[in-house]
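K.L.:
Predicted model and sequence below, questions to follow.
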Amino acid sequence: MSDCCNQFGGEIYLTVDDTRYTPSEGDITLMPTRSEVEGLANQDGSAAYRVSPRLPRADISFRQSCGLNWDDEMLKCKVNATIVEKTNNRTHIFTGARFVGRPSINLSTGEVTGVSIEGGTYQYVAG
């Protein structure tokens, strides 16, 4: 199957180290760049730009798994995470990254929000 570059959504898997997490129906948002550019205006109205370094990031909402201890997960110094878009034949790989944020668990739905994977090396693989 080729890369479906104009197709989105579908079946998605997330594996962090040896643990497979279940993404909820919430969105997964990737910020794959290592820089951010901000437009500025000089006093004479001309344009200027500030480039700031950033870490690659994936914002993900999960379903709370049985036995998952978020204190332990958040304290891991480095994790390797793989997001597989099975339906669209794309893979996103974070190597040497870390969980960041503060988990918030909805007890009615089991959805965990407020956690991202950030840092390390990001790689996109199509096909």
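P.N.:
Perfect, I can see it now. Numbers count the residues shown, from 1 in each chain.

K.L.:
ok, the most centrally placed residue in the chain - contacts?
P.N.:
The residue lying closest to the centre of the chain (CA atoms, centre = their mean) is A58, at 1.2 Å. By CB atoms under 8 Å, 6 or more residues apart in numbering, A58 lies in contact with I28, T29, L30, M31, A81, I83, H92, F94, S116, I117, E118. Glycine gets a C-beta too; all of them are placed from N, C-alpha and C.

K.L.:
ok, of the residues you listed, which come out buried?
P.N.:
Neighbour counting with 16 or more other CB atoms under 10 Å marks I28, L30, A81, I83, H92, F94, S116, I117, E118 as buried within the contacts of A58.

K.L.:
Name the residues of the longest strand seen in the chain that are buried.
P.N.:
Longest strand in the chain by number of residues (criterion: DSSP state E): strand 90-105. Neighbour counts using 16+ other CB under 10 Å place R90, T91, H92, I93, F94, A97, R98, F99, P103 of strand 90-105 among the buried residues.

K.L.:
still on that earlier bit, you'd agree the residue nearest to the centre of the chain is in a helix?
P.N.:
No: per DSSP: H, G, I helix; E, B strand; the rest coil, A58 lies outside any helix segment and is strand.

K.L.:
Next one, pLDDT for S2 please.
P.N.:
The model reports S2 with a pLDDT of 54.

K.L.:
Who are the packing partners of the longest strand of the chain?
P.N.:
Applying 3 or more CB pairs under 8 Å, 6 or more residues apart in numbering; DSSP states H and E, one finds that strand 90-105 makes contact with strand 57-59, helix 70-74, strand 79-85, strand 111-118, strand 121-126.
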